[in-house]
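[1] Sequence plus predicted model, see below.
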Amino acid sequence: MLERLFHLRENKTTVRTELLAGLTTFMTMAYILAVNPEILCEGGIPRGGVFIATALAAVVGTVLMAVFSNYPFVLAPGMGLNAFLTWSVIKIMGYSWQFALLAVFVEGLLFFLLSVTPIRQTIFESIPTSIKKAVSAGIGLFICFIALQNAHIVVESSATLVDSVNFRSVPFQTQGISAILALVGTLAVGIMLALRLKGAILFGILLTWILGMIAQAAGIYVPDYQTYFPLYPKFSFAGISEAFEGFSETFGGIFDPKAWTHAADGTIKEGWSLVLSMDFFVVMFALFFVDLFDTLGTLIGVSMKAGFLDRQGRLPRISGALYADSIATSVGAVFGTSTTTTFVESASGVAAGGRTGLTGLTAAALFLLSIFLAPVFLVIPSFATAPALIIVGYEMISSIVDLDWKDARESLPAFITLAWMPFTYSISDGIMFGIISYTVVNALSGRARKVSPIMYVLTVVFIAKYALI
C-alpha cells in the first residue's frame with residue numbers, strides 16, 4: 001500500500017528511511033511549538049490557542065503537501081512573519097490580532113489564486129539555475145547561522161556585531177554548557193557520517209539531548225526557566241486543558257467583524273471599514289511578498305539538495321506544493337496562527353534520506369501527537385537540534401561547486417544571493433538582491449536578450465519594493 005501511494009522504490013527509499021527522516025525533520029522544527037506561542041501571545045493571542053493552532057496548521061499543511069505533491073516537505077507557521085505580525089501589525093500599527101490574522105487569511109487566498117494560474121510556477125522556472133544553486137547554498141548558511149545562535153556558539157557583540165562565545169565570561173551552567181554540548185553533538189554527527197551510519201542526524205539530536213539530561217542530573221546544566229528550560233519532560237493534563245480553552249477563542253476568531261479593531265491617536269475604529277483601508281492592503285501585501293519568496297526559496301533550496309529539479313531547473317509537481325502552502329496559510333489563520341509556510345528544516349529530513357510524502361506524513365503525525373504529549377516535545381533543547389542544522393548547512397553548501405566561477409555574470413549574482421541570506425537574516429532578501437544583480441549585470445554586459453522577461457519584471461518590482469515600502 002505504501003509503495004503504491006508514495007512510489008518508494010521509484011524514489012530509491014524505504015519505509016524505515018522515510019520514517020526516520022520524518023522524525024528527524026520534526027525534531028529539528030519542534031521548537032516552533034514553543035517559540036510561536038511565545039511570540040504571538042505578545043500580541044494578545046491566547047498562548048494555548050496558538051500552541052494547538054501551530055500544531056494543527058503543521059498537520060494540515062504537511063498532509064496536503066504529501067497528498068498533492070509526494071514531496072518530503074514539512075510545513076508550519078514560519079519564523080519572521082510571526083514577529084512581523086506581533087510587533088509591527090499589532091503592537092506598532094495598533095490592530096487587533098483578529099484583524100492581523102484576517103490579513104493572513106486573505107493573503108493565503110490570494111496565494112491560492114496565483115497557484116491555480118501558472119504565475120507562481122512561471123516565476124519559479126524563470127529563475128536561472130545559478131541562482132537556484134546559490135539559494136540552496138544560502139539557505140544552508142542561513143540554517144547554520146541560526147543553529148549557531150540558538151546553541152549560543154555565536155553571540156552578539158557590540159564591536160563586531162557577532163562573535164564566538166567566550167566561555168570565561170558567560171554563565172557556564174547555562175550558555176557555556178549549551179555551546180559545548182552543541183559542538184560535541186556536531187562532531188558526533190560528523191563521525192557518524194564519516195562512518196556512513198544511517199540516521200546519523202537523528203541519532204546526533206538524541207545523543208546531544210541525552211548528554212544534556214546527564215549534565216542536568218549532575219548539576220552541570222542548570223535551567224533558569226526563562227531561556228534554558230529543564231530537559232526532563234513533566235506531564236500536565238491541566239496544561240493541555242488550558243490550551244484547548246485558548247483554542248476555543250482563537251479558532252474562527254478572524255470572522256468576527258466586531259473584533260477587527262484599530263487603536264491609534266486615542267480613537268478606536270472597528271468593522272468592515274478597516275478591511276477597505278490602505279493599511280489592510282499594505283499589511284496583506286507585505287505578508288504576501290515575503291511569504292512568496294520565502295516559499296519559493298525553500299522549495300528551490302531543498303529540492304536542489306534532494307535532486308528533485310530536472311535538467312532545466314524545474315520542479316515537477318510544483319503546483320501541488322504551492323496549493324498545499326497557500327491552503328495551509330488560510331487554514332492556519334482560521335485556527336489562530338500566523339502564516340504557515342514550507343520549513344527550511346525540511347532539509348534535515350532530506351539529508352536523512354527522505355524523498356517522499358511519507359516523510360511529511362510521519363512529521364505530521366508527530367505534530368498531531370505533540371498536542372497531547374507536549375511536555376515531551378517541548379523540552380527538546382535548541383542545543384540538541386543545532387548539530388543537525390549545522391550538518392544540513394554543510395551538506396547544502398555543496399550545491400555551488402558546479403557554478404562557473406570564471407563567469408562573473410553567473411557567479412557574482414549567485415554569490416550575492418547566498419551571502420545576503422545569512423547576513424540580512426532573510427531568504428527573501430537574498431533572492432531579491434540576487435535577481436536584481438543577475439538582471440543588471442547581464443543586461444549591461446551584452447546578454448540582455450538571454451535574461452527572461454519575467455526577470456526584468458521581478459527586478460523592477462523588487463527595486464520598487466525597496467524604494468517604496
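    Alright, I've got the coordinates. Keep in mind it's a predicted model, so treat the numbers as computed, not measured.

[2] now the helices for the stretch 151-300 of the chain?
    177-194, 200-217, 237-250, 272-275, 278-306 (DSSP state H, counting those that start in this stretch).

[3] what sits up against the shortest one?
    The set of residues external to helix 272-275 that reach it, using CB atoms under 8 Å, 6 or more residues apart in numbering, is 95, 99, 102, 257, 260-262, 280. For every residue, glycine as well, the C-beta is placed using N, CA and C.

[4] Okay, buried residues for that helix please.
    By neighbour count with 16 or more other CB atoms under 10 Å, helix 272-275 contains the buried residues 274-275.

[5] what's the answer for the third one, then?
    Neighbour counts over helix 237-250 (16+ other CB under 10 Å) mark 240, 242-243, 246-247, 250 as buried.

[6] Are there helices or strands packed against it, and which ones?
    helix 47-69, helix 374-377 (3 or more CB pairs under 8 Å, 6 or more residues apart in numbering; DSSP states H and E).

[7] Let me know the average pLDDT across that helix.
    Here helix 237-250 scores 81 as its mean pLDDT.

[8] which residues are in contact with it?
    Applying CB under 8 Å, 6+ apart, the external contacts of helix 237-250 come out as 45-53, 335-337, 371-372, 374-375.

[9] Give me the distance from that helix to the chain's centre.
    25 Å (CA atoms, centre = their mean, to the nearest Å).

[10] One more: the longest one?
    Offset of helix 278-306 from its chain centre (CA atoms, centre = their mean): 11 Å.

[11] Who are the packing partners of the helix or strand just after it?
    Next helix or strand after helix 278-306 toward the C-terminus (DSSP states H and E): helix 318-335. Helices and strands touching helix 318-335, by 3+ CB pairs under 8 Å, 6+ apart, are helix 47-69, strand 75-77, helix 97-116, helix 119-126, helix 278-306, strand 340-342.

[12] try 6 Å this time
    Where contact means 3 or more CB pairs under 6 Å, 6 or more residues apart in numbering; DSSP states H and E, helix 318-335 is packed against helix 47-69, helix 97-116, strand 340-342.

[13] do you know which of these lies nearest Ala384?
    helix 47-69 (19.7 Å; CB to CB).

[14] helices or strands up against the closest one?
    For helix 47-69, the packing partners by 3+ CB pairs under 6 Å, 6+ apart come out as helix 32-40, strand 75-77, helix 237-250, helix 318-335, helix 357-370.

[15] what's the most buried one of those?
    Among the helices and strands packed on helix 47-69, ranked by average contacts under mean count of other CB atoms under 10 Å, first place goes to strand 75-77 (a mean of 32).

[16] what sits up against that one?
    32, 36, 54, 57-58, 61-62, 65, 328, 337-338, 340, 342-343 (CB atoms under 6 Å, 6 or more residues apart in numbering).

[17] which among those gets closest to Ala467?
    Among the contacts of strand 75-77, Ser338 lies closest to Ala467 (CB to CB), at 26.6 Å.

[18] quick one on the thing from earlier: closest to Phe84 among the buried residues of helix 237-250?
    Among the buried residues of helix 237-250, Thr250 lies closest to Phe84 (CB to CB), at 18.4 Å.

[19] burial measure for Lys269, as a count.
    By the criterion of other CB atoms under 10 Å, Lys269 has 14 neighbours.

[20] Hmm, I typed the wrong one, I wanted Phe308.
    Residues near Phe308, counting by other CB under 10 Å: 23.

[21] Kindly report the same for Ser428.
    Around Ser428 there are 22 other residues, counting by other CB under 10 Å.

[22] Before we go further, it is sitting in a helix, right?
    Yes. According to DSSP: H, G, I helix; E, B strand; the rest coil, Ser428 belongs to a helix.

[23] And the pLDDT for the closest residue to it other than its chain neighbours?
    Distance criterion CB to CB, 6 or more residues apart in numbering; nearest residue to Ser428, sequence neighbours excluded, is Phe293 at 3.8 Å. Confidence at Phe293, expressed as pLDDT, is 74.

[24] ok, Phe293 to Phe433 distance?
    11 Å (CB to CB, to the nearest Å).

[25] Distance of Ala363 relative to Ile32?
    Taking CB to CB, one finds Ala363 at 12 Å from Ile32.

[26] quick one: which of the contacts of strand 75-77 is nearest to Lys406?
    Nearest to Lys406 among the contacts of strand 75-77: Thr342, at 33.9 Å, using CB to CB.

[27] Single out the most deeply packed of the helices and strands packed on helix 237-250.
    helix 47-69 (a mean of 26).

[28] and it, what's its mean pLDDT?
    Regarding helix 47-69, the rounded mean pLDDT is 94.

[29] How far does it sit from its chain's centre?
    Mean-position distance between helix 47-69 and its chain equals 13 Å (CA atoms, centre = their mean).

[30] contacting residues around that helix?
    Against helix 47-69 from outside (CB under 6 Å, 6+ apart): 33, 36-37, 40-41, 73-77, 242-243, 246-247, 249-250, 317, 320-321, 323-324, 327-328, 331-332, 335-337, 340, 357, 360-361, 363-364, 367-368, 370-371.

[31] would TSV of the helices of the stretch 151-300 of the chain with distance to Ile454 be doable?
    Converted to TSV, those look like this (distance: least, CB to CB, whole Å):
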stretch	distance to Ile454
helix 177-194	39
helix 200-217	36
helix 237-250	38
helix 272-275	31
helix 278-306	12
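
[32] Give me whichever of those helices is most buried.
    When those are scored by mean count of other CB under 10 Å, the highest mean neighbour count falls to helix 278-306 (a mean of 22).

[33] elements contacting it?
    Counting by 3+ CB pairs under 6 Å, 6+ apart, helix 278-306 packs on helix 97-116, helix 129-150, strand 340-342, helix 346-351, helix 427-443.

[34] Run the angle between that helix and helix 318-335 for me.
    Counting by axes from the mean of the first three to the mean of the last three CA atoms, to 10 degrees, helix 278-306 points 130 degrees away from the direction of helix 318-335.

[35] Would you tell me what the next helix or strand after the worst-scoring helix or strand of the chain on mean pLDDT is?
    One helix or strand of the chain scores below all others by mean pLDDT, DSSP states H and E: helix 374-377, with a mean of 65. Of the helices and strands lying after helix 374-377 in sequence (DSSP H and E), the nearest is helix 382-396.

[36] which outside residues touch that next one?
    Contacts of helix 382-396 (CB under 6 Å, 6+ apart): 28, 136, 140, 143-144, 147, 150-151, 178, 181-182, 185-186, 189, 201, 204-205, 208-209, 305, 347-348, 351.

[37] same check, this time on stretch 113-124
    With CB under 6 Å, 6+ apart as the test, stretch 113-124 has contacts from 296, 318, 322-323, 326.

[38] Just put the residues you listed in JSON lines and tack on pLDDT and distance to Ile131.
    Formatted as JSON lines, the contacts of stretch 113-124 follow (pLDDT from 0 to 100; distance: CB to CB, whole Å):
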{"residue": "Leu296", "pLDDT": "80", "distance to Ile131": "11"}
{"residue": "Ile318", "pLDDT": "86", "distance to Ile131": "16"}
{"residue": "Leu322", "pLDDT": "89", "distance to Ile131": "19"}
{"residue": "Tyr323", "pLDDT": "92", "distance to Ile131": "24"}
{"residue": "Ser326", "pLDDT": "93", "distance to Ile131": "23"}
